[in-house]
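K.L.:
what follows is a predicted protein model with its sequence.
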Amino acid sequence: MKRINCCLLFVFCFASIFPIQTVFSAENKTKKTAETNNSGPKAPPQIYRLSKEAAAAEECLKCIVVYGDTRTNHGVHKKIEKLISGRKPETIFHTGDMVSDGANNKEWDMFEEIVSGLRKNSEFFPVHGNHEWLAPNYFKVFGIINWFTYYSIDRHKIHFTVIDSEVPFWKGTWQYQWLESDLKKASLSDKTKFIAVLLHRPLYSSGLHGAKESPVLAQELAPLFEKYGVDIVVAGHDHDYERLYKNGIFYITAGGGGAPLYDKASEVKGSQVFIKSHHYLTLSVLKNELFFETFNELNEPIDSFKVKEKNKITR
Ligand SMILES: [Fe+2]
């Protein structure tokens, strides 16, 4: 398994820094065309297909759910899954760390068993976390065939950009170039009212890991998010719930899907709410605003906030 992971690491890092088209440039023309057509970030295929009409509807109530960091506390994950399932969402995002050991088949079997109902009745989009880093099962479970762990989708005039904090993302990497072009396109599009970014590690956090582990995230990405008018960034990794507001952007940590909870470890400027609780987040799309509500494992509301549509000039 170690040898497989080493090979994957090489392919993964190489593909993250250089476009896959470049990797195959020495191949014959037919193969190059085929690879070019299949390459590039693409959202993972879905078991449940949301209709184009539903995805384009101007408003919807609690139709999108975000949760993450489920790992090995299966009892809590099952509870959270049941609560999410009861909401009948259209779309679910998991903020990463689905399992504790990405190389353990049994953990993936359990994860798949718990989320099978969610994936059957809702779209289910993954964010690549450090606990499934380069795990072949991650790609197998989500049907990802081109190694890209970042992609974007549009739902209800919200542009969702999912990026990968576990592979190179800074200036000069293929992911950074793709991210900038993706955000630029979304910021200029009349079809986009809001931009949301999801990734595993938080840019800012008062939790145990905080932002100390990877300050380069905020250094490299915050200016890009501010430049292109990102409205909200949702991460996991810290096992708590936090709402933070900085330079016109909400930064949410939603890592309470089952993993052991963390205490507040530091005071971070801009932090508005910090709750040590398992939870999931719902998103309602209203005419000119987004309404977020967070619920604990007893399905009690623990936080809510609105994100107003930004003036296009500020984008
Ligand atoms: Fe993590």
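P.N.:
Received the coordinates, thanks. Numbers count the residues shown, from 1 in each chain.

K.L.:
beta partners of residue 91?
P.N.:
residue 64, residue 123 (DSSP bridges).

K.L.:
count the residues that sit near it.
P.N.:
Using other CB atoms under 10 Å, residue 91 has 24 other residues around it. From N, CA and C alone the C-beta is placed, and that goes for glycine too.

K.L.:
now do residue 147
P.N.:
Neighbour tally, residue 147, other CB under 10 Å: 17.

K.L.:
that one belongs to a helix?
P.N.:
No - according to DSSP: H, G, I helix; E, B strand; the rest coil, residue 147 belongs to no helix; its state is coil.

K.L.:
show me where pLDDT drops low in this structure?
P.N.:
Residue ranges of the chain with pLDDT under 70: 1-39, 311-315.

K.L.:
again, only this time at 90
P.N.:
1-40, 72, 134, 146-147, 210-215, 267, 287-288, 310-315 (pLDDT under 90).

K.L.:
pull up the gap between whichever residue of it sits closest to the ion and residue 44, please.
P.N.:
Residue nearest to the ion within the chain (CB to the ion): residue 237, separated by 3.8 Å. For residue 237, the distance to residue 44 (CB to CB, to the nearest Å) stands at 20 Å.

K.L.:
please say which of these two ends up with more neighbours.
P.N.:
residue 237 (29 against 19).

K.L.:
that one contacts residue 201, correct?
P.N.:
Yes - counting by CB atoms under 8 Å, residue 237 does reach residue 201; the two are 4.8 Å apart.

K.L.:
so what sits against both of these two?
P.N.:
130, 165, 209 (CB atoms under 8 Å, 6 or more residues apart in numbering).

K.L.:
sec struct for the second one, please.
P.N.:
For residue 165, the assignment made with three-state DSSP gives coil.

K.L.:
start at 10, not 1
P.N.:
Happy to do that; since the first residue is 10 now, the last one works out to residue 174.

K.L.:
in which helix or strand does the closest residue to it other than its chain neighbours reside?
P.N.:
Once flanking residues are discounted, residue 174 sits nearest to residue 210: 4.1 Å by CB to CB, 6 or more residues apart in numbering. Assessed by DSSP states H and E, residue 210 sits outside every helix and strand.

K.L.:
tell me the contacts of residue 210?
P.N.:
Applying CB under 8 Å, 6+ apart, the residues near residue 210 are 139, 174-175, 218, 222-223, 226, 244, 246.
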